[in-house]
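Trainee: Predicted model follows, preceded by the sequence.
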Amino acid sequence: MLYFLLLLVVLSNAGETICYKNSKVQKHDEVLFGVTFWSFLLSLLAFIIFLFTGGNFFSGLDYVTILYIFLMSILNVFCIISWSITSKNLPMSVAEGVSEIYIAILTFLSWLCFGGEIDVWDISLVLVLVLSCILLAFVQKREKIKGNYKIGLIFLTIWVVFAVFKGLLPGFIAGSEMFSYIFLLNLFIFLEVNLYFLIRRKKFNNFLPAIRDPYLFGVGLSRVVSQIVVIILALTVNLGIIDAVGVLGLVLIMLYERFIMKNKISLKTIILLIVITLSSGALALLA
């Protein structure tokens, strides 16, 4: 069961990125609305099924838990905004690789906050994985982008901080009634995003293409699956290691780009992908 859940983390991470790459919607606001809309709708569907199977919405919920969920929703929105600014000022190949440094920080803080078994092998594999991702960012061909690198690095750092705290929060709310948590989380995010668009006086009609885009549905589905699995695994597995295993999705993305998109991959990239595969695979086995 554990390996199946870890496999879902990998597949959802890869699926989210691949769907983003294939989406025809280009405007950031439309993408943001489409993803949050489908995430909310799918989490609502999962929640309704949960209630029909005898689940209790209020079980395990208290004011502190709801506060944690609300804080997580705020951090999710901040992550989206800071990543959006980063993507406009840094090549994505660089940003995606360097950002993985948050995994090493999250692994340490997760152990510090929640305890659990973690040994020198886990630490070594996480460090090798993060270093390989950073190196991968600089050996790949960088896409040309007009932007301010200094601003890009500042907001990438901000994203890392938000991502670490967002990654820790499932440990505080992990429990059996995960569908209540996921529903509330996506409800809060959806309301916050709509408030943002209301303040900016955006019209709903502008977002219809995003709702109709099947790839943004795929992003929403990937996110909800990942959220549910992380809540389950947070009871037994270090949160940083869950994300470290999820990096294996990066290898699937590269394979997709090589064999489906027919992009060339350099020998250095192949070597680093092998190292990432071995590191993530070993962490999964040790989890």
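Mentor: Done, it's in. Numbers count the residues shown, from 1 in each chain.

Trainee: Can you mark which positions in the lengthiest helix in the chain are buried?
Mentor: In terms of residue count, the longest helix belonging to the chain (DSSP state H) is helix 63-89. Buried residues in helix 63-89, counting neighbours by 16 or more other CB atoms under 10 Å, are found at 65, 68-69, 72-73, 75-83, 85-87, 89. From N, CA and C alone the C-beta is placed, and that goes for glycine too.

Trainee: got a list of contacts for the helix or strand that that helix is followed by?
Mentor: Next along the chain after helix 63-89, taking DSSP states H and E as the criterion, comes helix 92-98. Helix 92-98 is contacted by residues 83, 86-87, 133-138, 140-143, 152, 156, 250 when judged by CB atoms under 8 Å, 6 or more residues apart in numbering.

Trainee: how about 7 Å then?
Mentor: 86, 87, 133, 134, 136, 137, 138, 140, 142, 143, 156 (CB atoms under 7 Å, 6 or more residues apart in numbering).

Trainee: where are the low-confidence patches of the stretch 51-200 of the chain?
Mentor: Scanning the stretch 51-200 of the chain with the threshold set as pLDDT under 70 gives 55-60, 141-144, 175-177.

Trainee: Next, the buried residues of stretch 140-156.
Mentor: Those would be 140, 152, 153, 155, 156, for stretch 140-156 by 16+ other CB under 10 Å.

Trainee: Who are the contact partners of the first one?
Mentor: Residues in contact with residue 140 (CB under 7 Å, 6+ apart) are 93, 269.

Trainee: Residue 132 versus that one, what's the distance?
Mentor: Using CB to CB, to the nearest Å, we find residue 140 at a distance of 12 Å from residue 132.

Trainee: got it, and residue 20?
Mentor: Between residue 20 and residue 132 the computed distance is 22 Å (CB to CB).

Trainee: okay, these two: which has more neighbours?
Mentor: residue 132 (24 against 17; other CB atoms under 10 Å).

Trainee: okay but the more buried one is in contact with residue 274, surely?
Mentor: No - counting by CB atoms under 7 Å, residue 132 stays clear of residue 274, with 9.3 Å between them.

Trainee: Number of residues surrounding residue 197?
Mentor: For residue 197, the count of nearby residues is 16 (other CB under 10 Å).

Trainee: Just the helices from the protein, written as ranges.
Mentor: Under DSSP H, the chain gives helices at 2-22, 28-52, 63-89, 92-98, 101-114, 120-139, 149-168, 170-173, 178-199, 208-212, 214-233, 239-246, 248-259, 267-286.

Trainee: So which of those is the most surrounded?
Mentor: helix 239-246 (a mean of 26; mean count of other CB atoms under 10 Å).

Trainee: Quick check: residue 169 touching residue 68?
Mentor: Yes - the criterion here is CB under 7 Å, and residue 169 meets it with residue 68 at 5.7 Å.

Trainee: Once you drop chain neighbours, what's closest to residue 277?
Mentor: residue 251 (5.2 Å; CB to CB, 6 or more residues apart in numbering).

Trainee: before we move on, what about residue 70?
Mentor: residue 188 is the one closest to residue 70 (CB to CB, 6+ apart), at 5.6 Å.

Trainee: The one you found contacts residue 73, correct?
Mentor: Yes - the pair residue 188 / residue 73 is scored as a contact, 3.5 Å apart, by CB under 7 Å.

Trainee: which residues do those two both contact?
Mentor: Common contact partners of residue 188 and residue 73 (CB under 7 Å, 6+ apart): none.

Trainee: who are the neighbours in contact with residue 219?
Mentor: By CB under 7 Å, 6+ apart, residue 219 lies in contact with 16, 19, 20, 35.

Trainee: switch to 6 Å and redo it
Mentor: Neighbouring residues of residue 219 by CB atoms under 6 Å, 6 or more residues apart in numbering: 16, 19, 35.

Trainee: Equivalent analysis for residue 200, please.
Mentor: By CB under 6 Å, 6+ apart, residue 200 has no neighbours at all.

Trainee: Need the phi and psi values for it.
Mentor: Dihedral pair for residue 200: phi -90, psi 0, per degrees, to the nearest 10.
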